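Asker: Provided below for reference: sequence and predicted model.
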Amino acid sequence: MNVVPTKQFPPLERFADKSDRLSAKEARPNKDLERRSDSIGTQKALADNIHNRYGMSVDVEDYFQVWAFSDQIPQGKWDQFQSRVEQSTHGCLDLFDETSVKATFFTLGWVAERFPGLVKEIVERGHEIASHGYDHSKVFNQSAEAFKADVLKTKSILEQISGVQVKGYRAAGFSIDARTPWAHEVLLETGHLYSSSSHPISHDHYGDPKAEQVPHRKSGMIEAPVATTTVFRRRVSCAGGGWFRLLPYEISSRLIKRASSELDGPVIFYFHPWEIDPQQPRIAQASLKSKVRHYTNLSSMRPKLLKLLKTYPWGRIDQTLRLYPQ
């Protein structure tokens, strides 16, 4: 196995400000769940260092729930489609077992309600269960009150099924941005410890090319962006998803190596279960642009992921942020 050496990251001084640390009460919002799961790491561990590993994550949603198809398939019609999320997520779990990798699964509450056994299996196999919101609604399309109701509902569903504390959140379509200045405050208030909802690049659907690239505080909440790097003075993504499917593996790997040397924090990668399911039904009414983005290189995604998982020392996001003891 060719494992890329990791470097020792210097302390994140922005985490060390006493006035900006999580209080003991905020860090432990549910004592019953805390006893059933492993304990959260100490404040000193959070303030001093980021564990120098690569963060692997999966956004658990079905093929018909993606942003690209939302105009053609509204949430009210989801139950009319054949679900494949259970079998495709099992494929992700098997892939991680094959490579001895633990990951973070950002899971829709809608999916968890219908497949509670899947949520339990994710936790039983040693992975982190985290929130992806209830029904893939974009945060910037919600009011602060509606967003709070959504994250509370999803956190409750996931915790009741899994029996462990939900610490992380990822917004659908990385939709926490300048339009949602209240979002991180709401997440902190509702008992989350971190968000991974920022993709700091220029994109037609999301992103802010001027946003911070490394974990930082937003209204007291830790925001851990997915990975980016710089090529010819332009910020580019090396975080996975469609970017990883579209690019040759050698280019993606080179960008990840560059990010690991540039970023003062973890390299966070993501993909979706439907991306390793080339047999999924096709959405005929989708636009050509959406079809190209969604269906390109589905058949080659699993072998590319297998190579990636064997090359870098991936781990759960809560562990890369030292929110979980090693």
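Answerer: Nice, thanks for sending it over. Numbering: from 1, shown residues only.
Asker: hey, where'd the helices end up in this structure?
Answerer: For the chain, applying DSSP state H gives helices covering 13-16, 24-27, 31-36, 43-48, 85-99, 109-114, 116-124, 144-162, 183-189, 241-246, 249-262, 288-295, 298-311, 317-320.
Asker: where in this structure is pLDDT low?
Answerer: The model of the chain has pLDDT under 70 over residues 1-52, 202-207, 324-326.
Asker: Now do the same contact list for Glu98.
Answerer: Under the criterion of Cβ atoms under 8 Å, 6 or more residues apart in numbering, the neighbours of Glu98 are Leu306. Placement of C-beta: from N, CA and C, glycine included.
Asker: make that Ala211, sorry
Answerer: 177, 198, 200, 225.
Asker: How about the second one, nearest residue that isn't a chain neighbour?
Answerer: Right, Ser198. Pro225 (4.0 Å; Cβ to Cβ, 6 or more residues apart in numbering).
Asker: ok, back up a step: would you list the contacts of Ala211 in CSV and tack on distance to Glu124?
Answerer: As requested, the contacts of Ala211 are exported to CSV (distance: Cβ to Cβ, whole Å):
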residue, distance to Glu124
Asp177, 35
Ser198, 30
Pro200, 34
Pro225, 29
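Asker: The helices of the chain: which one's closest to Gly173?
Answerer: The minimum distance between Gly173 and those falls on helix 241-246, with 10.8 Å, by Cβ to Cβ.
Asker: about what we covered before: in a markdown table: the helices of the chain, plus distance to Ile268.
Answerer: Formatted as a markdown table, those follow (distance: least, Cβ to Cβ, whole Å):
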| stretch | distance to Ile268 |
| --- | --- |
| helix 13-16 | 16 |
| helix 24-27 | 21 |
| helix 31-36 | 24 |
| helix 43-48 | 17 |
| helix 85-99 | 16 |
| helix 109-114 | 21 |
| helix 116-124 | 18 |
| helix 144-162 | 20 |
| helix 183-189 | 17 |
| helix 241-246 | 12 |
| helix 249-262 | 9 |
| helix 288-295 | 21 |
| helix 298-311 | 13 |
| helix 317-320 | 6 |
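Asker: from these, which stretch is densest packed?
Answerer: Comparing these by mean neighbour count (mean count of other Cβ atoms under 10 Å), helix 317-320 comes out on top with a mean of 24.
Asker: Give the other helices and strands that that one contacts.
Answerer: Counting by 3 or more Cβ pairs under 8 Å, 6 or more residues apart in numbering; DSSP states H and E, the packing neighbours recorded for helix 317-320 are strand 54-60, strand 128-131.
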